[in-house]
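**Q** Sequence isn't available, so here's the structure alone:
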């Protein structure tokens, strides 16, 4: 069958056209806050609410909501991205190819990044790990980058990028005797996003964006997490493997919550007033909070364990935050995307990677900022200033047409 005959309606919804400023603002602010709290990680004397909670604390700070906020905004973008892609290509196969390539790119970069954090043995590495990391970023740009706001680089450059990644994988040595190669470990932040994006994109297309089925799939994601902890599944090696990806499905629940929120506010298949959409969003947030509360006695709140209570509480909070931004920015006709936020909204991956590139350069040159910048209030301010400097650098890069096409 010729795939070009598939109708545009394969994704189901008919979404509002044009950019949604509140989605862009949410994305940009989330990335900048993520950069800031990453800088706070090494600050001495921070109050507990400004740090990640321990795995067994049964608690979450606002820092523990930053990663879910990024997952949520990925989910809000999925309906628009799929509709735009289908409108452009009118080819279902090409849409799936794009989804797979995007997910693969995130997973590959995430795995390379996480292997620079731990697992390597510097004694057996042919390159310092910082140089190894920098070369992986160069390879990523060759594969997925573009210049002068043009298309992706030519196949020759992209092939060179793939070759560099393969070479780096062969040069990687871990373990006590250096015999261990690269491992997926916990996939890295980008890898986790890639898996959740892939699963959610498939679910969204299967359900055609219908709210009932999306809500059911959010429940099934929580059920998958619960199932992995039942005695019958734990006792079966095969079932244990089948249900071993519980963290991915908790993350998927957050992404799907973003999809639901996008459908509530912007699906034009059903005519609803603005007040009705806000009421639906509020009801959805309450439903997520109630489900999280019901699960909490058995599954404590934990970002590290990616428990469903953490995922659903975070998703509910994100629904409320977006509703407030949408009311203030889009309905209030206020543009809260000044010069530094707009490029970050359009280039979130570039913004996210810059601190890691800077960190590798600092490590390679054996230079570090003064320790005074990582103590108490000074460290807090430094983290905020650093995120703004990253935003400024992203603007300079974007103004020159350099981007990552993932």
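**A** Nice, thanks for sending it over. Everything quoted here is computed from the prediction, not taken from an experiment.
**Q** What is the burial count for residue 148?
**A** 9 (other C-beta atoms under 10 Å). For the C-beta atoms, the positions are set from N, CA and C on the backbone; glycine is no exception.
**Q** need the contact list for it.
**A** 400-401 (C-beta atoms under 8 Å, 6 or more residues apart in numbering).
**Q** Can you name every helix or strand that the helix or strand encompassing residue 74 contacts?
**A** Element membership for residue 74, per DSSP states H and E: helix 66-89. If contacts are counted by 3 or more C-beta pairs under 8 Å, 6 or more residues apart in numbering; DSSP states H and E, helix 66-89 sits against helix 21-40, helix 92-117, helix 188-207, helix 246-266, helix 308-325.
**Q** between these, which gets nearest to residue 167?
**A** helix 92-117 (12.2 Å; C-beta to C-beta).
**Q** Packing partners of the closest one?
**A** So helix 92-117, by 3+ C-beta pairs under 8 Å, 6+ apart, packs with helix 66-89, helix 129-144, helix 155-171, helix 188-207, helix 348-364.
**Q** can you rerun that using 6 Å?
**A** helix 66-89, helix 129-144, helix 188-207 (3 or more C-beta pairs under 6 Å, 6 or more residues apart in numbering; DSSP states H and E).
**Q** May I see the buried residues of the first one?
**A** Right, the one you point to is helix 66-89. By neighbour count on 16 or more other C-beta atoms under 10 Å, the buried set for helix 66-89 is 66-83, 85-86, 89.
**Q** So what touches the host helix or strand of residue 241?
**A** Assigned by DSSP H and E, residue 241 belongs to helix 237-242. Applying C-beta atoms under 6 Å, 6 or more residues apart in numbering, the contact partners of helix 237-242 are 233-234.
**Q** Quick one: mean pLDDT for it?
**A** For helix 237-242, mean pLDDT is 92.
**Q** swap in stretch 159-172?
**A** 98.
**Q** buried residues in it?
**A** In stretch 159-172, counting by 16+ other C-beta under 10 Å, buried: 160-161, 164-165, 168, 172.
**Q** Counting neighbours, which bits of the helix or strand hosting residue 380 end up buried?
**A** Assigned by DSSP H and E, residue 380 belongs to helix 376-399. Using 16+ other C-beta under 10 Å as the burial criterion, the residues of helix 376-399 that qualify are 379-380, 382-384, 386-387, 390-391, 393-395, 397-398.
**Q** Of those, which is the nearest to residue 95?
**A** The nearest one, if we look at the buried residues of helix 376-399 relative to residue 95 and count by C-beta to C-beta, is residue 398, at 26.5 Å.
**Q** was I right about that closest one contacting residue 343?
**A** Yes - counting by C-beta atoms under 6 Å, residue 398 touches residue 343, with 4.0 Å between them.
**Q** Now do the contacts for residue 152.
**A** Applying C-beta under 6 Å, 6+ apart, the residues near residue 152 are 146, 405.
**Q** Try it again at 8 Å.
**A** 144-146, 158, 405.
**Q** Quick one: those residues as JSON lines, columns for distance to residue 134 too.
**A** Listed next are the contacts of residue 152 as JSON lines, based on distance: C-beta to C-beta, whole Å:
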{"residue": "144", "distance to residue 134": "16"}
{"residue": "145", "distance to residue 134": "15"}
{"residue": "146", "distance to residue 134": "20"}
{"residue": "158", "distance to residue 134": "19"}
{"residue": "405", "distance to residue 134": "20"}
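**Q** What residues sit buried inside stretch 319-332?
**A** Judged by neighbour count using 16+ other C-beta under 10 Å, the buried positions of stretch 319-332 are 319-323, 325-326, 329-330.
**Q** with these in mind, which one is nearest to residue 41?
**A** Checking these against residue 41 with C-beta to C-beta, the nearest one is residue 321 at 22.8 Å.
**Q** can you tell me the distance between the two ends of stretch 43-50?
**A** End-to-end distance of stretch 43-50 (C-alpha to C-alpha, to the nearest Å): 10 Å.
**Q** pLDDT averaged over that stretch, what's the number?
**A** 93.
**Q** going forward, begin numbering at 50 instead of 1
**A** Sounds good: first residue 50 from here, last item stretch 92-99.
**Q** what's residue 360 in contact with, if anything?
**A** Counting by C-beta under 8 Å, 6+ apart, residue 360 makes contact with 117, 270-271, 299-300, 302-303, 341.
**Q** how close does it get to residue 337?
**A** Using C-beta to C-beta, to the nearest Å, residue 360 is found at 9 Å from residue 337.
**Q** Show the low-confidence segments of this structure, by residue range.
**A** Along the chain, segments meeting pLDDT under 70 span 50-61, 385-387.
**Q** Which residue is the nearest non-sequential neighbour of the spatially most central residue of the chain?
**A** Closest residue to the average C-alpha location of the chain: residue 242 at 4.0 Å, with C-alpha atoms, centre = their mean. Among residues not flanking residue 242 along the chain, residue 155 sits closest, at 5.5 Å (C-beta to C-beta, 6 or more residues apart in numbering).
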